[in-house]
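Enquirer: Pasted the sequence and its predicted model underneath.
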Amino acid sequence: MAQDLLYIYKEELRQLEENSNLRSLPEIIHRGGDVTLRDKQMLNLSSNDYLGLASDLSLRKTFLESLTPENFLPSSSSSRLLTGNFTANSELEQQLSRLFGSEDSLVFNSGYHMNTGILPAVSNHKTLILADKLVHASLIDGIRLSPAAHIRYRHNHYEQLDSLLRKNHTDYERIIVVTESIFSMDGDETDLRKLVTLKKSYPNVMLYVDEAHAIGVKGATGLGCAEEQGCMADIDFLTGTFGKALASVGGYLICRKTIRDYLVNKMRTLIFTTALPPVNLMWTRFVLEKSAGFGGRRKHLETIGNRLREELVAKGYSCPSSSHIIPLMIGDSRKTVLKAEEMQRKGFYMLPVRPPTVPEGTSRIRISLTASVRMEEIEKLISLL
Ligand SMILES: *Cc1c(COP(=O)(O)O)cnc(C)c1O
């Protein structure tokens, strides 16, 4: 009997393999900005370590000097609502509120916890969620878990969004517009000021923006696209992760105090999970405090991104990106896998992205640049593409 049940899974795995969509967990050894895989050393162009901070040894050395056996706490042993709310938590949240100039903030175990927890908590059956078609899986899962009605609008299509708002705003108690600032797979950016203007044309609209790929990378002090576009205070749920450019782990929300108090009472992925270890929170605080000073890294990342995008367009690739996330659009899954393998043989660790992560027929290689990549390496990559 058990044999039969496994057969169903095996058959599905076989089909995935046949369509070049089978995934597995690669065994990776990291050395600075390089990775070694099956004895082959390659430049890592698949990391979210956008500022090169996670691979920066001197940063870790400095941080380690502040640790003692007493304050090195690798576990919080409990939910924040029980005994897991260490001072490191409130210190990080005070720092976030200070940096963002916000009334309040709240830290979560990960961006995934954040996105699957906030929307179900703050919505009810009188809520409508309008979400960009390309939002991250964690946001889609949050929408699925919420009692709200929802509609996905065409990617960054502000006219369609406006007509949906106009048509629906009187039928619901509130509408929450959900989007990202830099999109994970296309690397394009959202006009947040436009969304703020739309939001302000209706009495009952809130704005939820995920800055996972922009925190650390965009803005004069690295606080994201909302800082760059001067609209941090107009976004009701300004969120992001510490797991990418900030080289740590966890998610954050910049918000009003009422929202924070409400989530502390209602958000299941905050309440029913063991809080982050204090040592991680301390490391996040350490990196975040330095974030404003990483302007040179941000500038270099922008320069190499501009160079690569310019060259892809010249070679005839369609390139939706305007950031450090640059898709090499291919289309067919099998061709994408072969091309990625070829580039890996040539020393560049780039990975194919296939359905269901991206829509059918839009398979691509996702190049994710980091500030530790040198211009010579970009030129070499260009010559080999
Ligand atoms: C990576 C990512 C997340 C998840 O954040 P984690 O901290 O890795 O769980 C959420 N949203 C977006 C847009 C992401 O790219």
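Expert: Great, that's in hand. Numbering: from 1, shown residues only.
Enquirer: What distance do you get for the residue in the stretch 101-250 of the chain positioned nearest to the ligand to residue 344?
Expert: Per C-beta to the nearest ligand atom, residue 111 is where the stretch 101-250 of the chain lies closest to the ligand, at 2.2 Å. Heads up, the C-betas are built off the backbone N, CA and C, glycines and all. Distance, residue 111 to residue 344, by C-beta to C-beta, to the nearest Å: 28 Å.
Enquirer: out of those two, which sits in the more crowded spot?
Expert: More crowded of residue 111 and residue 344, by other C-beta atoms under 10 Å: residue 111, with 24 against 19.
Enquirer: The residue of the stretch 101-250 of the chain closest to the ligand against residue 251, yeah?
Expert: Yes - the criterion here is C-beta atoms under 8 Å, and residue 111 meets it with residue 251 at 4.2 Å.
Enquirer: so what sits against both of these two?
Expert: By C-beta atoms under 8 Å, 6 or more residues apart in numbering, residue 111 and residue 251 have these common neighbours: 239-241.
Enquirer: The residues you listed in strands, which ones?
Expert: The strands, defined by DSSP state E, take in 239-241 from the shared contacts of residue 111 and residue 251.
Enquirer: Of those residues, just say which sits nearest to residue 24.
Expert: Of all these, residue 24 sits closest to residue 241, with 24.4 Å by C-beta to C-beta.
Enquirer: what's near enough to touch the residue nearest to the closest one when sequence neighbours are not counted?
Expert: Distances taken as C-beta to C-beta, 6 or more residues apart in numbering place residue 111 nearest to residue 241, at 3.5 Å, with adjacent residues excluded. For residue 111, the contacting residues are 138, 210, 212, 239-241, 243, 250-251, by C-beta under 8 Å, 6+ apart.
Enquirer: pLDDT weak spots in the stretch 1-150 of the chain?
Expert: Within the stretch 1-150 of the chain, the ranges that satisfy pLDDT under 70 run 1-3.
Enquirer: Now with 90, please.
Expert: Applying pLDDT under 90 to the stretch 1-150 of the chain flags residues 1-5, 19-24, 26, 32-33, 38.
Enquirer: which stretches of it form strands?
Expert: 29-31, 34-37, 40-44, 104-108, 127-132, 149-153 (DSSP state E, counting those that start in this stretch).
Enquirer: Indicate which one of those strands is closest to residue 262.
Expert: Among the strands of the stretch 1-150 of the chain, the nearest to residue 262 by C-beta to C-beta is strand 104-108 (10.2 Å).
Enquirer: Got the phi and psi for the residue nearest to the spatial centre of the chain?
Expert: In the chain, the centroid-proximal residue (C-alpha atoms, centre = their mean) is residue 212; its distance is 3.0 Å. Reported as degrees, to the nearest 10, the phi and psi values for residue 212 are phi -50, psi -40.
Enquirer: Now do the contacts for it.
Expert: Residue 212 neighbours (C-beta under 8 Å, 6+ apart): 111, 136, 180, 182, 184, 239-241, 244.
Enquirer: What residues are bridge-paired with the residue in the stretch 251-385 of the chain positioned nearest to the ligand?
Expert: For the stretch 251-385 of the chain, the nearest residue to the ligand under the criterion C-beta to the nearest ligand atom is residue 251, separated by 5.3 Å. Taking DSSP bridges as the rule, residue 251 bridges to residue 108, residue 241.
Enquirer: That one against residue 106, yeah?
Expert: No - using C-beta under 8 Å, residue 251 is not in contact with residue 106, being 9.0 Å away.
Enquirer: Neighbour count: the two, which is higher?
Expert: Shown here are residue 251 and residue 106; by other C-beta under 10 Å, residue 251 has more neighbours (27 against 24).
Enquirer: Quick check: the gap between the more buried one and residue 161.
Expert: 25 Å.
Enquirer: Could you export stretch 300-317 as CSV, CA atoms only?
Expert: Taking Å, rounded to 0.1, in the frame of the first residue of the first chain, the C-alpha atoms of stretch 300-317 are listed here in CSV:
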residue,chain,number,x,y,z
HIS,A,300,29.7,50.2,-7.4
LEU,A,301,26.8,47.8,-7.6
GLU,A,302,24.9,50.4,-9.6
THR,A,303,27.8,50.9,-12.0
ILE,A,304,28.4,47.2,-12.7
GLY,A,305,24.6,46.7,-13.1
ASN,A,306,24.3,49.5,-15.6
ARG,A,307,27.2,48.1,-17.6
LEU,A,308,25.8,44.5,-17.8
ARG,A,309,22.3,45.7,-18.6
GLU,A,310,23.5,48.0,-21.4
GLU,A,311,25.5,45.1,-22.9
LEU,A,312,22.6,42.6,-22.7
VAL,A,313,20.3,45.0,-24.5
ALA,A,314,23.0,45.6,-27.2
LYS,A,315,23.2,41.8,-27.6
GLY,A,316,19.4,41.7,-28.3
TYR,A,317,18.2,40.3,-25.0
